[in-house]
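J.: below is the structure, and that's it, no one-letter string:
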């Protein structure tokens with residue numbers, strides 16, 4: 001269950017939003033000040049923060065600045081939900097790194113759509129990072145192989161036996177055995193079965 005932190009000193013709004021977003025399947029935390037919000041974050045890091053700008057003592061802008069100073073918190077997406085609707089205010093919010101800026105009065109369905117869109121984009125980013133990491137590891141490994149080692153490896157994965165590889169490459173059986181030994185060393189595998197599994201797992 002995704003956790004949302006609501007920060008606003010309007011108790012009526014907090015109660016309405018808490019009820020609405022809870023029904024949509026989110027776990028809700030709330031605070032009426034930046035200091036209260038930070039205390040909650042230290043106990044339960046939220047997946048997303050929805051905050052007003054006009055708060056007592058520290059305002060919403062200060063809140064975002066504090067989040068960006070902490071490596072463990074700077075990746076939390078922030079939505080400004082505020083009565084400050086001037087273009088200048090919006091620009092300031094986006095320049096500080098907020099993900100969305102909604103002005104009061106607002107439609108709860110629009111807020112919900114914005115929340116879901118942010119989470120969807122975050123999921124896509126995570127998937128892309130995994131793909132990139134996988135491609136990087138794969139490419140970095142294959143760059144360690146010579147052209148002939150790659151050729152032999154390709155035939156091993158296809159199920160060719162050593163004699164068949166030797167015939168296909170017009171080389172000696174001894175040379176094929178040498179190439180496969182090198183591949184086992186580079187992949188830290190013990191036999192052909194482990195070697196094939198290592199490649200297929202990339």
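T.: That came in fine, so what should we check first? This structure is a prediction, so every number in the text was calculated from the model and none was measured.

J.: following the helix or strand of the chain with the lowest mean pLDDT, which helix or strand comes up?
T.: In the chain, the helix or strand scored least confidently by mean pLDDT, DSSP states H and E is helix 108-142, which has a mean of 72. Per DSSP states H and E, the first helix or strand lying C-terminal to helix 108-142 is helix 147-157.

J.: who touches the helix or strand just after that following helix?
T.: Sequence order places helix 162-169 as the next helix or strand after helix 147-157, per DSSP H and E. For helix 162-169, the external contacting residues (CB atoms under 8 Å, 6 or more residues apart in numbering) are 148, 151-152, 155-156, 160, 172-173, 175-177, 180. Yep, even glycine has a C-beta here, placed from its N, CA and C like the rest.

J.: so what touches stretch 40-59?
T.: 2-10, 17, 29, 31-35, 37, 60-61, 63-64, 66-67, 72-73, 76-84, 89, 93, 111, 115, 118-119.

J.: now, which of these lie within helices?
T.: 17, 34-35, 37, 60-61, 63-64, 66-67, 89, 93, 111, 115, 118-119 (DSSP state H).

J.: buried subset of these?
T.: Buried subset of the ones in helices among the contacts of stretch 40-59 (neighbour count, 16 or more other CB atoms under 10 Å): 17, 34, 37, 60-61, 63-64, 66-67, 89, 93, 111, 115, 118.

J.: just send these back as a markdown table, with distance to residue 187 too.
T.: Compiled in a markdown table, those are given as follows (distance: CB to CB, whole Å):
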| residue | distance to residue 187 |
| --- | --- |
| 17 | 54 |
| 34 | 52 |
| 37 | 49 |
| 60 | 53 |
| 61 | 53 |
| 63 | 50 |
| 64 | 47 |
| 66 | 47 |
| 67 | 43 |
| 89 | 57 |
| 93 | 51 |
| 111 | 51 |
| 115 | 44 |
| 118 | 41 |
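
J.: walk me through the domains of this protein.
T.: Structural domains assigned to the chain are 3-130, 144-200, following automatic domain parsing.

J.: any stretches of the protein with poor pLDDT?
T.: 124-142, 201-202 (pLDDT under 70).

J.: circling back to that earlier point, got a winner among the contacts of helix 162-169 for most neighbours?
T.: When neighbours are counted by other CB atoms under 10 Å, residue 152 leads those with 26 neighbours.

J.: which phi and psi does the closest residue to that residue other than its chain neighbours have?
T.: Spatial nearest neighbour of residue 152, excluding adjacent residues (CB to CB, 6 or more residues apart in numbering): residue 179 at 4.4 Å. With angles defined as degrees, to the nearest 10, residue 179 sits at phi -60, psi -40.

J.: any figure for the gap between residue 179 and residue 145?
T.: 10 Å (CB to CB, to the nearest Å).

J.: what about the two, which has more around it?
T.: residue 179 (23 against 17).
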